[in-house]
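In: the amino acid sequence is not available; the structure is as follows:
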């Protein structure tokens, strides 16, 4: 199912082009996710460890086919990515409870990842900001995300990027932020 959206900011940080991922990007996207999972493990985090065992709870390949994955390219290289789901997944319904239903007006953000060589460049922050202001989905007015409640760095990152902490469910912090609409 293709979604009705428009990318309103084509470039972030003046060098990374924002694009909807295409099937030919699948190998690069999966490579980026594995690189990130390996890095997280090296930092002592178990976050995304399932990817290293061949388990992908977000079924990224299908997400690309559905049109839910967006990549940020420098030239031909996929430097970063994010999944923006117009419909809540089973995981989202579990975490968000009665707030999560098909017509809830929310986008669900998952798998924000950047290539390690772009770490400390501000790309992660720029992708996060772009997700609420650089793309417009029809009938969507809020972005929701979650992360491990015990990951102090990531929780601080979301708060510093104007996401509102809403609570904790089963060891996961939940956040949301209003979408910035451009006036026409």
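Out: All right, it came through fine. Nothing here was measured: the structure is a model prediction, and the numbers come from that model.
In: for residue 146, give me its contacts.
Out: The contact partners of residue 146, by C-beta atoms under 8 Å, 6 or more residues apart in numbering, come to 95, 172, 173, 174, 175. For glycine as for every other residue, the C-beta is placed from the backbone atoms N, C-alpha and C.
In: in the chain, which spans are helices?
Out: Assigned by DSSP state H, the helices in the chain fall at 26-42, 49-52, 60-66, 90-96, 123-133, 152-160.
In: which one of those is the most hemmed in?
Out: helix 123-133 (a mean of 20; mean count of other C-beta atoms under 10 Å).
In: show me what that one is packed up against.
Out: Under the contact definition 3 or more C-beta pairs under 8 Å, 6 or more residues apart in numbering; DSSP states H and E, helix 123-133 sits against strand 11-12, strand 16-20, strand 77-85, strand 106-114, helix 152-160.
In: what about the third one, average pLDDT?
Out: Same thing as strand 77-85. In this model, strand 77-85 carries a mean pLDDT of 97.
In: which other helices and strands contact it?
Out: helix 26-42, helix 60-66, strand 69-74, strand 106-114, helix 123-133.
In: quick one, phi psi at the nearest residue to residue 9 once chain neighbours are set aside?
Out: Using C-beta to C-beta, 6 or more residues apart in numbering and skipping residues adjacent in sequence, the residue nearest residue 9 is residue 134, 3.3 Å away. Residue 134 has phi and psi values of phi -100, psi 0 when expressed as degrees, to the nearest 10.
In: the spatially closest residue to residue 142 that is not a sequence neighbour and residue 46, how far apart?
Out: Closest residue to residue 142 apart from its sequence neighbours, by C-beta to C-beta, 6+ apart: residue 106 at 4.8 Å. From residue 106 across to residue 46, the span is 27 Å (C-beta to C-beta, to the nearest Å).
In: looking only at neighbour counts, state which of these two leads.
Out: Taking neighbours as other C-beta atoms under 10 Å, residue 106 and residue 46 compare with residue 106 leading, 23 against 10.
In: circling back to that earlier point, closest one to residue 130 among the helices and strands packed on helix 123-133?
Out: Smallest distance to residue 130 across the helices and strands packed on helix 123-133 (C-beta to C-beta): 5.3 Å, for strand 11-12.
In: got any ranges where the protein has weak pLDDT?
Out: Across the chain, the ranges flagged by pLDDT under 70 are 1-3, 102, 182-184.
In: quick one: stretch 155-174 to chain centroid distance?
Out: 14 Å (C-alpha atoms, centre = their mean, to the nearest Å).
In: now stretch 165-184
Out: That offset, for stretch 165-184, works out to 12 Å (C-alpha atoms, centre = their mean).
In: give the buried residues for it.
Out: 172, 173, 174, 175, 176, 177, 179 (16 or more other C-beta atoms under 10 Å).
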